[in-house]
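[1] For reference, the sequence and a predicted model appear below.
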Amino acid sequence: ETVTPGTQTATSGNRRLLIEGGTVIDGTGAAPKPADVLIDGDRIIEVGAGLAKGSAGVEALVVDATGRTVMPGLIDAHCHLTFDEPASNDELFFHRDHTLAALATAHHLPKLLMAGITSACDPDTIFRMGPSIRDAVEAGWIEGPRIRTGVAALLTSVGGTAGRLIPDEGEVGYAEVVHTLDDMVTATRRQIKEGADLIKIHATGSIPTRSGELQVWSLEEMHAVCDTAHPLDIPVTALCRNASSTRDAALAGVDLIYPASFMDVEALEAVVESGAAVCPVFTFLSNLCDHGAKVGAATNMVDIFRGEIQATAEMLRRAHDEGTKLLCGSESGFVLTPYGHWHGREVALFVEHLDLDPLEAIRCATADNALAMGAEGRLGLIEEGCAADVIVLDGDPVADVGILGDRRHLGAVVSRGQLVDLDRPW
């Protein structure tokens, strides 16, 4: 049986799947090449020419990808799956119900698959629900991409981007407030016990009398979290929106830094030396610059974020050239980054602001982004033995990388070896 991309519905069961006749971008940065892709269950078992006449067998469902591009499903390295697209932190913190938040998350998750996002890393969640959502998806109770999740962001009482909305004690929204080193160690261990795949530190915060964000975690405090999580095989992420926090996060052993804004030479050297990855999240900043007025963003804030992109891009390119992995994340989950619409924009912004060629940028969103999922070498690749997450595109993203953000060019999505239904209502 043969289906044409754009006309198929979802598949189920263990039937083999053969994607035939397409041009394969394998996610490594190598040049595209004609090849077929044979899938059995949740594994790619063969990549090569002429598989229809060989190992596929008569039991395979064939997807005709002639004239199309076949590549790994995209991975979003920074996505807030439980936030339900708030317009403000006030809305997120004080106008959410536990049960409705879970139902909204289940409603939104299929949109990621329908946009070609087959994996997502969610560093902090509201109501500590991340592990439960992940487990429900893996159990097949709700439909969604592969998920790697945190529980709640760790903040000091100084606060974070939300400033004085963060309480002095306890929890609100995505935030868990900690004070002493003992608090930080205890909270880290508790989140790991609850099922966290990673820990997030909110290393910078807003103070009313100062512009920008200041470092609100000390090097010693970040060390305490890393030294607690790492022996338990749990990575640590940190939100760092100035140079000193980026430097100290790298020195402390943080594994993934968001977004490393305003990085200076000292911070760059620390990041490169440590081997930490960086996820700059240009999409959220760019959407704020382009569309912020529609959601009431002040003109001065738009100017600040535009400057943040410009100030950060040059240093990130230097970091890339020195071997630092740059990951693609959209920060989807806010009103400026609704689910399913903007995940692919980061690839185009890497080409625009970092001067990467399209294949390099695609590697960032696939093979390199597998780092955010804890699955390097197993996810984000079209190679034998890798996970069976594949998309088929009408068009060539090397010639026009922007098609990755346009669902009209998405012909087929394969998640865990099964075709996703793209024909249903959004």
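    Yep, it's here. Source: prediction; values computed, not measured.

[2] Next, the contact list for the residue positioned nearest the centre of the chain, please.
    In the chain, the C-alpha nearest the mean C-alpha coordinate belongs to Ala77, at 1.9 Å (C-alpha atoms, centre = their mean). Going by C-beta atoms under 8 Å, 6 or more residues apart in numbering, Ala77 touches 121, 256, 279, 327-329, 369, 371-372. Where C-beta positions appear, they are placed from N, C-alpha and C, glycine not excepted.

[3] Show me the beta-bridge partners of Gly205.
    Leu214 (DSSP bridges).

[4] what's the answer for Val37, then?
    Bridge pairing for Val37 - DSSP bridges - gives Ile19, Val47.

[5] That one and Ile19 touch, don't they?
    Yes. Counting by C-beta atoms under 8 Å, Val37 touches Ile19, with 4.3 Å between them.

[6] what sits in contact with each of the two?
    70, 390.

[7] Just give me the neighbour total for Gly385.
    11 (other C-beta atoms under 10 Å).

[8] what pLDDT does the closest residue to it other than its chain neighbours get?
    Leaving out its chain neighbours, the residue that sits closest to Gly385 by C-beta to C-beta, 6 or more residues apart in numbering is Arg43, at 6.5 Å. Arg43 is assigned 98 on the pLDDT scale.

[9] my guess is Arg43 meets Val414, correct?
    No. Arg43 lies out of contact with Val414 (C-beta under 8 Å); the separation is 11.6 Å.

[10] Now the residue lying closest to Gly377 once chain neighbours are set aside. Its backbone dihedrals?
    Closest residue to Gly377 apart from its sequence neighbours, by C-beta to C-beta, 6+ apart: Ala370 at 7.2 Å. When read as degrees, to the nearest 10, the backbone of Ala370 gives phi -60, psi -20.

[11] Quickly find the element holding the spatially closest residue to Asp84 that is not a sequence neighbour.
    With sequence-adjacent residues excluded and distances taken as C-beta to C-beta, 6+ apart, Asp84 is closest to Ala104, at 4.2 Å. According to DSSP states H and E, Ala104 maps onto helix 98-114.

[12] Buried ones in that helix, by neighbour count?
    101-102, 104-106, 108-114 (16 or more other C-beta atoms under 10 Å).

[13] and it, what does it pack onto?
    helix 130-138, strand 410-415 (3 or more C-beta pairs under 8 Å, 6 or more residues apart in numbering; DSSP states H and E).

[14] Could you name the helices and strands sitting against the first one?
    Using 3+ C-beta pairs under 8 Å, 6+ apart as the contact criterion, the elements in contact with helix 130-138 are helix 98-114, strand 146-149.

[15] can you check the shortest one too?
    Using 3+ C-beta pairs under 8 Å, 6+ apart as the contact criterion, the elements in contact with strand 410-415 are strand 17-24, helix 98-114, strand 117-122, strand 390-393.

[16] counting residues per helix, which one in this protein is longest?
    Ordering each helix of the chain by length in residues (DSSP state H) puts helix 299-321 first.

[17] How far off centre is the helix or strand that that helix is followed by?
    Next in sequence after helix 299-321, counting helices and strands by DSSP H and E, comes helix 345-354. In terms of C-alpha atoms, centre = their mean, to the nearest Å, the centre of helix 345-354 is found 15 Å from the chain centre.

[18] ok and helix 345-354 relative to helix 299-321, angle-wise?
    Orientation of helix 345-354 against helix 299-321 (axes from the mean of the first three to the mean of the last three C-alpha atoms, to 10 degrees) gives an angle of 80 degrees.

[19] Now do helix 345-354, average pLDDT.
    On average, helix 345-354 scores 97.

[20] what packs against the helix or strand just after it?
    Moving toward the C-terminus from helix 345-354, the next helix or strand (DSSP H and E) is helix 358-365. Where contact means 3+ C-beta pairs under 8 Å, 6+ apart, helix 358-365 is packed against helix 345-354.

[21] Neighbours of Gly205, how many?
    Quick note: Gly205 (other C-beta under 10 Å) scores 25 neighbours.

[22] Touching, it and Ser157? I think so.
    No. Gly205 lies out of contact with Ser157 (C-beta under 8 Å); the separation is 9.5 Å.

[23] Give me the common contacts of those two.
    Ile166.

[24] who's in contact with Pro5?
    Pro5 touches 63-65, 68, 392, 394, 411-412, counting by C-beta under 8 Å, 6+ apart.

[25] helix, strand or coil for it?
    Put simply, Pro5 is coil when judged by DSSP: H, G, I helix; E, B strand; the rest coil.

[26] Give the closest residue to it in space, chain neighbours not counted.
    Using C-beta to C-beta, 6+ apart and skipping residues adjacent in sequence, the residue nearest Pro5 is Gly411, 2.8 Å away.

[27] Contact partners for the one you found?
    Applying C-beta under 8 Å, 6+ apart, we find Gly411 in contact with 5-6, 65, 68, 392-394.

[28] on that earlier part again, take the helix holding Ala104, keep the C-alpha atoms, and write them as CSV.
    This file holds the C-alpha atoms of helix 98-114, laid out as CSV (Å, rounded to 0.1, in the frame of the first residue of the first chain):
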residue,chain,number,x,y,z
HIS,A,98,-4.7,22.8,38.2
THR,A,99,-7.2,20.6,36.3
LEU,A,100,-7.8,23.0,33.5
ALA,A,101,-4.0,23.5,33.1
ALA,A,102,-3.5,19.8,32.6
LEU,A,103,-6.5,19.6,30.1
ALA,A,104,-5.1,22.6,28.2
THR,A,105,-1.7,20.9,28.0
ALA,A,106,-3.3,17.8,26.5
HIS,A,107,-5.2,19.9,24.0
HIS,A,108,-2.1,21.7,22.8
LEU,A,109,0.4,18.9,22.6
PRO,A,110,-0.8,17.4,19.3
LYS,A,111,-0.2,20.8,17.7
LEU,A,112,3.5,20.3,18.1
LEU,A,113,3.4,17.0,16.2
MET,A,114,1.2,18.6,13.5
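
[29] Run through who's touching it.
    76, 79, 81-82, 84-85, 118, 120, 126-127, 129, 132-133, 136-137, 142-145, 332, 339-340, 343, 407, 410, 413, 415, 420, 422, 424, 426.
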